[in-house]
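Colleague: below is the sequence, then the predicted model.
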Amino acid sequence: MNRAPAQSRPQHRRERPEAGPWPHLLLAWPSLALTVLFLVPLGTIAALGFFRRIPAGFFEVGFVTDNYARALDSFHLERLGVSVMLALAATLITLLVAVPFTFLLTRRPRRAQVPYLVLVLASLSLSEVIVGFAWSLLLSRTSGISNVLVRIGLMETAVAWSPGLWAVILAFVFVALPLAILSLYPTFSRLDQELPEAAGTMGAPPLVGFVTVVLPLVRRAVAATAALVFIFVLGAYVIPQTLGRPAHWTIPVHITDQAIMKNHLPLAAALAIVLLVMSSVIAVAIVVIVSGRPPRAEPSVPAP
Amino acid sequence: MSPPRPDLVIQGLGKRFGATVALADVDLRLPGGSLVCFVGPSGCGKTTLLRVIAGLETPSEGKVFLGERDLTRVPVHRRDVGMVFQSYALFPHLSVAENVAYGLRIRGVPRRTRLERAQELLALVQLPDVGSRRVSQLSGGMRQRVAMARALALDPALFLLDEPLSALDAKLREGMQVELRRLQRRVGITTIIVTHDQEEAMTMADLVVVMGDNRVQQVGPPLDIYRRPVNRFVAGFVGSNNFLPGRVVSPGQVEVAGVRAPLARDAAPAPLGGEVTVAVRPENLRLRAQAPAAVALHGTVVFVRDLGRVVETRVRVADQELIVSGRGGFDEGDGVWVELPESGVVALTS
Amino acid sequence: MNRVLRAALFALVVAYLIAPLLVVAGVSLNERQVLFFPPQGLSLRWYGAAFTDPSWYRPAINSLLVATFAALIAVSIALPLSYVVWRYRVRYAKAVMAMGLAPFALPPVITALGALALWIVLQSYGRPYTVVLSHGAFLTTLPLATLTVGLQNLNPQLVEAARTMGATGSAVFRTIVFPFVRPYLIAGFVFAFVLSLNEYIIAYMTVGFTFETLPVKIFASLRYGYSPVMAAISVLFFAFAVVVFAAVGRLGDLPRLLGADETD
Ligand SMILES: Nc1ncnc2c1ncn2[C@@H]1O[C@H](COP(=O)(O)OP(=O)(O)OP(=O)(O)O)[C@@H](O)[C@H]1O
Ligand SMILES: [Mg+2]
């Protein structure tokens, strides 16, 4: 959880008994389910990357390095670069909006927050497919804003902005923004209102108080959120596929392409492992740079 | 001494949160350099009034002046106030000295200078050795002092404290009351302390503002408030009081429980013939075995409680029960005379 | 940040989140089979088609089934797990917890590819239950997060009080813990349900077209033939999500469920 421990909330102390077989019985199903459905698949991918592809079927067990060689060839490395740059750009824009928005939202009375939270949750749950579809319409020539702008006389002729680089980034931000807001929400809403107020009484204008008092206290949450958003966007498939030109296709598009269309699971797996390593390294770097501290062991999640 | 401190003037102030009225019709003049206590029961609007003065809330109506200067629209960071919050609001990511020096940092004072000044202030609140510690390593009482040092760092025009002592244990609280009073005298700053402890207000303040029902009920020096409460609310809230129905029969006399008692000389005048509530403090009543020369009521002792320093005796007089605190010496069931104070009683019309 | 700036930022965010949906809603009202905006002519026929055309309502039913069972699985994993971590000192519980939270720390496409690989190895590729199980594990993160928040908000003194009155482990759970975390449990279920309903890439890689879910169907028609029905369905989806979350906000304390403190 990315709850800022910097906030000094009174911690209830309690003893935690180790009570016989109960906890182990209770943990049986979660352990089994998550091992089979999460850990084993990951291991399978890791192994698959070294397997041989059989043109007619899926693959056969073996140990070859061709798949990794291809996953790391200049074409795929360039794709990887594009993916990372796109994800970084989307992450940056998302945070620039989400951090002030969430802060200001959590300063509102709770009741006033609810409509915004409902909108954010509904947007978060919106299928990436629908998001891709909606933005392709919004940015298209015949049904998008450019068309509307022509009607009201602000533009000469309608143009299509999709597919294109900005179409991809705008849609990335659209899916990432709700995620970022909800991930920042717990920390921000638990931030003692009196801290920025105290800064105000000592002469700090709101923006200065925000930078000198609020930001240092929420740095960890912001860092975790940045990593979360980055990984999420980096792993998106539908948006670059529907809103980007081939030049903007990210690694997930190629992974899916190899896995489903070209039936080349081992290459898809090798690409996935490369993507995984890359995303972990960059995510850790983001956390270290933004929070100024090494990451904690627990993974970060939104709440929810 | 520095130039005279300006008065804080509040005119026709009101504050609503949606449908909730938090403050209504507040008019106050608080003399510069004085120590003022806002006192009243929970929810009566003390914090809201303090926050309006600090600029943390915008009033729904009315104005706030410091001397000639209209503060109403001035944002908090340009108001020149120092505030001690109820939770202290010390910044957990900064050291104690950095907390105290925060306001100087905002003003762009160089690091060396401001940390030296922080050190002076910490010495002022008698915490010379904690500057480099984290806030989380301090006890409640120490945090309270750090919060005061921090609020004073910019030498503000107003020093505002919201229930600064409520989190401390009784002994520490008493010590801090004295210290706070001394500190205020030394610095000479106009100070407002919010408390719901009326005793604290009475012992510390130059001027007490009694609030109730989201309004100001009475303003005055502690003794005035104690001696001459203007209404039943104040009479009941500040110290304890016996209330009896009565009627004013002549300009200086009130009829109560079948006898005529003198009205306190400087109390607010009551209309002739009107129904009033007579208030008389338990410590101003005397118990007598025989009918005294002074005005007295006859009754029966129903309950005795020895509080150590005083004995509290409850006496049934007609269908009323009076509390008398004094030396005691009577038992349940005894018939006694309750002597009313020679200085007179207080008649309240509201 | 004064009021004007705040209002501007709020307006920008709301407009940004709503604008695409407005265009989709407009497009769904076209009279003919075109995707114009503003729409040409007004008609609700595409909403009708969404309910009468089996190529659309079958995937919808599939999606509802998948989402229901997947959310149940997610909750069945999250509840015992979060409870054990909160209540007992069991070393490996933290590791299991990490597995439950990890899917959201992984690029989604990798989770999907993992599911694909798993079910191929188990020779179950394309069976309806595969997507249910994979969604269930993937979305466990959501009830796990809400339940963790809920249990953190539960004052342990309540448990101690119950123990002084004679309640044992399971009685404490039944009478104190469960009633307290129920809103968080329901919220976690709802989040998992709605996200499963909308999930594309895992569904695509586990069952694809053999057990077509709505997002898969929409994506297919996005590539092979636009139709205003897509727009109608998208609007229904969004409306459904808004209604569900508004209901949660109505019945429960949404800020608290999302991790704000117990009280203001
Ligand atoms: N931000 C707010 N929103 C809505 N109502 C508020 C707000 N702040 C205060 N109130 C209401 O205004 C009234 C006065 O509150 P205030 O906090 O000023 O009381 P108080 O005298 O300080 O009480 P206490 O002694 O309990 O601290 C109360 O009825 C309170 O519920
Ligand atoms: Mg208060």
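Modeller: Everything's here; your move. Ligands and ions are numbered 1, 2, ... in the order given.
Colleague: so where's the stretch 151-300 of chain B shaky on pLDDT?
Modeller: B:266-269 (pLDDT under 70).
Colleague: so which residues of it form helices?
Modeller: For the stretch 151-300 of chain B, applying DSSP state H, counting those that start in this stretch gives helices covering B:170-187, B:198-204, B:222-227, B:232-237.
Colleague: pull the second one out as PDB, backbone CA atoms only.
Modeller: Read it as helix B:198-204. Presented in PDB, the C-alpha positions along helix B:198-204 are these (Å, rounded to 0.1, in the frame of the first residue of the first chain):
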ATOM      1  CA  GLN B 198     -13.500  27.800  32.100                       C
ATOM      2  CA  GLU B 199     -11.100  27.600  35.100                       C
ATOM      3  CA  GLU B 200      -8.200  27.900  32.700                       C
ATOM      4  CA  ALA B 201      -9.800  30.900  31.100                       C
ATOM      5  CA  MET B 202     -10.400  32.600  34.400                       C
ATOM      6  CA  THR B 203      -6.900  32.100  35.700                       C
ATOM      7  CA  MET B 204      -5.000  33.100  32.600                       C
END
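Colleague: briefly note if that helix comes near ligand 1.
Modeller: No. Residues of helix B:198-204 are not located near ligand 1 by CB under 6 Å from any ligand atom, the shortest gap being 12.2 Å. C-beta coordinates here come from the backbone N, C-alpha and C atoms, glycine included.
Colleague: for A:Phe172, give me its contacts.
Modeller: Listed by CB atoms under 8 Å, 6 or more residues apart in numbering or on different chains, the contact partners of A:Phe172 are A:86-87, A:90, A:94, A:233, A:236, A:239.
Colleague: what about 10 Å?
Modeller: A:Phe172 makes contacts with A:86-87, A:89-91, A:93-94, A:131, A:135, A:229, A:232-234, A:236, A:239-240, A:243, A:250, as judged by CB atoms under 10 Å, 6 or more residues apart in numbering or on different chains.
Colleague: ok, C:Ile18 next?
Modeller: C:Ile18 is in contact with A:119, A:122-123, C:25, C:238, counting by CB under 10 Å, 6+ apart.
Colleague: I'd like those residues laid out as JSON lines, including distance to A:Ile54, secondary structure and pLDDT.
Modeller: Shown next, in JSON lines, are those (distance: CB to CB, whole Å; DSSP: H, G, I helix; E, B strand; the rest coil; pLDDT from 0 to 100):
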{"residue": "A:Leu119", "distance to A:Ile54": "49", "secondary structure": "helix", "pLDDT": "93"}
{"residue": "A:Ala122", "distance to A:Ile54": "45", "secondary structure": "helix", "pLDDT": "90"}
{"residue": "A:Ser123", "distance to A:Ile54": "43", "secondary structure": "helix", "pLDDT": "90"}
{"residue": "C:Ala25", "distance to A:Ile54": "48", "secondary structure": "helix", "pLDDT": "87"}
{"residue": "C:Phe238", "distance to A:Ile54": "44", "secondary structure": "helix", "pLDDT": "88"}
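Colleague: buried ones among the residues you listed?
Modeller: A:119, A:122-123, C:25, C:238 (16 or more other CB atoms under 10 Å in any protein chain shown).
Colleague: low-confidence regions, the stretch 1-150 of chain C specifically.
Modeller: C:1.
Colleague: distance to ligand 1 for the buried ones among the contacts of C:Ile18 - can I get that in CSV?
Modeller: As requested, the buried ones among the contacts of C:Ile18 are exported to CSV (distance: CB to the nearest ligand atom, whole Å):
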residue, distance to ligand 1
A:Leu119, 23
A:Ala122, 28
A:Ser123, 29
C:Ala25, 36
C:Phe238, 33
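Colleague: distance to A:Leu217 for those residues - can I get that in TSV?
Modeller: Output for those, formatted as TSV (distance: CB to CB, whole Å):
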residue	distance to A:Leu217
A:Leu119	27
A:Ala122	30
A:Ser123	27
C:Ala25	41
C:Phe238	35
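Colleague: what secondary structure does the residue in the stretch 251-350 of chain B that chain C sits nearest to sit in?
Modeller: Nearest residue of the stretch 251-350 of chain B to chain C, counting by CB to the nearest CB: B:Arg305, 32.8 Å away. Following DSSP: H, G, I helix; E, B strand; the rest coil, we place B:Arg305 in the strand state.
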